[in-house]
Every structure is written in structure tokens, then in C-alpha cells.
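*Asks:* Okay, sequence plus prediction incoming.
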Amino acid sequence: MALDDVESESLSPELTRITATVANHGYLPTYILASAKALTHNEPLWADVRCHGCELADPDLAHREIGHLDGWGRGLFDGSGALYYTRTRGTTGARTLSWVVRGRGVVSLSVGSCRVGWTTRDVRIG
């Protein structure tokens, strides 16, 4: 699991939009087994934002659920490697999130869960 792209875009002199793409580059999904997806200890991914010297325009988005992300593997003998297999799952291994920040400072993005670990990136605004 990784923070692939983190970009900041100025909306006005006081507002900045931060956009981050969270992706699972591993073979297995973040829930490991489909049968384990509904278990209580198999929590989904979360995104946490902490602001230093600035503030979120919508404080309710400081802690938000991302959900589980699929890996690139499809399993053995599922038929998806065949030439006649025309279905796709789409982009189920990545999610794009955004936040609007007011002011200047540093925004710390943390993404992960207790099962897969956490990754953090700091973005300087201003």
C-alpha cells in the first residue's frame, strides 16, 4: 500500500486542494481473503489528516474510511489470463481522495490500517 501521487493545487490565496492517490501494489488485496473481509479484526484502510499551522475547510474529513483495495493478482485458474476473457474489474486497487486546506503550513497525510501498516507523507502549503 502506497501514497502514489500527492498534489496540491491553489484554489484561492487562502485555500489549497490536496489530492492523494492511495494504491495497493501488492499481489493480495488488503483484506487478504474474501472470506475474511467481513471479520471485525480485518479493518479497512483509513486516511488521517493532521494540520500544523493551517486547518481543514471540512474538519469532518480529518479521519475517513477508504475501504479495502484489491491487489494485482487474480488467483490461480480463474481464467482471467485467457485471450477470450473480456471482463475487467476496473481500478479496484487504487482510490483518489482530496481535502481543502485553509491557510499556510504543513499537512501530514497518514494512510493505512492496523493490518497492513501505515504510510505518511507531509505536504507543505505555502
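*Replies:* Structure received.
*Asks:* so what's C114 up against?
*Replies:* Taking Cβ atoms under 8 Å, 6 or more residues apart in numbering, we find C114 in contact with E43. For every residue, glycine as well, the C-beta is placed using N, CA and C.
*Asks:* what do you get for the one 4 residues further on?
*Replies:* The contact partners of W118, taken as Cβ under 8 Å, 6+ apart, are S110, V111, G112.
*Asks:* from the chain's centre, how far out does the helix or strand harbouring the first one sit?
*Replies:* Assessed by DSSP states H and E, S110 sits inside strand 94-113. Its chain's C-alpha centre and that of strand 94-113 lie 10 Å apart, by Cα atoms, centre = their mean, to the nearest Å.
*Asks:* Which element is encountered next along the chain beyond it?
*Replies:* strand 117-125.
*Asks:* Name the residues of that next one that are buried.
*Replies:* Neighbour-count burial for strand 117-125, counted by 16 or more other Cβ atoms under 10 Å, picks out V123, I125.
*Asks:* helix/strand/coil for L39?
*Replies:* coil (DSSP: H, G, I helix; E, B strand; the rest coil).
*Asks:* Now do the contacts for the residue minimising distance to the centre of the chain.
*Replies:* Centroid-nearest residue in the chain: V22, 3.1 Å away (criterion: Cα atoms, centre = their mean). Shown in contact with V22 (Cβ under 8 Å, 6+ apart): 1-4, 45, 47, 66, 69, 94-97, 111.
*Asks:* Low-confidence bits of this structure, can you list those?
*Replies:* 75-90 (pLDDT under 70).
*Asks:* The same query, at a cut-off of 90, please.
*Replies:* For the chain, the stretches with pLDDT under 90 are 1, 26-28, 31-42, 71-92, 114-116, 126.
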